[in-house]
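K.L.:
need coordinates for the following:
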Amino acid sequence: MIRAIVLWPDPVLSEVCAPVAQIDAATRTLCDDLLETMYDAPGRGLAAPQVGVLQRVFVMDTTWKDGERTPRVFINPEITDRSETLVIGSEGCLSIPGLAADVERAEAITLRWTAPDGRILVERLTGFDAVCAQHEFDHLEGLVIFDRVAPELRSALQAEYSQ
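P.N.:
This is a model prediction of the structure:
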């Protein structure tokens, strides 16, 4: 089911999400709905709070716009390591449509998460996969791209978005 995407400045986007206590049918439905909503938007990542659900779940597919769909689901993700090397890139957000900001991120991260089937997975993500995962992870922490830029740029971007 395609869900409505919550738009900034909705306060739900500033909330820290609760861990998923148990992966059940409702969790799997949420994961399916997040993927369907992401593809419909069309985006490359989507986190549960962006559809109004304050649980630690996000999905991403960084390749589908250029080739085959490779959907990925992350339940209770944890970033266990970040590279010292940083990259700056333009990021958009489905909750802040029509606006992009240059955001600094770790070039690589190690991510640990639970898959929908209950397996615990760990992977080193690099490049756009790492950036996308950090962006979606931020949503689980109540952060949006405005929170990742200098205060003066934040004010300018918010004014531009509000018009």
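K.L.:
list the buried residues in the helix or strand containing Val122.
P.N.:
For Val122, the element it lies in under DSSP states H and E is strand 120-126. By 16 or more other CB atoms under 10 Å, the buried positions in strand 120-126 come out as Leu125. All C-beta atoms are positioned from the backbone trio N, CA, C, and that covers glycine.
K.L.:
using PDB, write out every CA atom in it.
P.N.:
In PDB, the C-alpha atoms belonging to strand 120-126 read as follows (Å, rounded to 0.1, in the frame of the first residue of the first chain):
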ATOM      1  CA  ILE A 120      21.400 -10.100  11.900                       C
ATOM      2  CA  LEU A 121      23.500  -8.700   9.100                       C
ATOM      3  CA  VAL A 122      26.600  -6.600   9.000                       C
ATOM      4  CA  GLU A 123      27.900  -4.900   5.900                       C
ATOM      5  CA  ARG A 124      30.500  -2.200   5.000                       C
ATOM      6  CA  LEU A 125      28.700   0.400   2.800                       C
ATOM      7  CA  THR A 126      30.600   2.800   0.500                       C
END
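K.L.:
how far off centre is stretch 77-96?
P.N.:
Distance of stretch 77-96 from its chain centroid, counting by CA atoms, centre = their mean, to the nearest Å, is 9 Å.
K.L.:
and stretch 11-31, by the same measure?
P.N.:
With CA atoms, centre = their mean, you get 13 Å for stretch 11-31.
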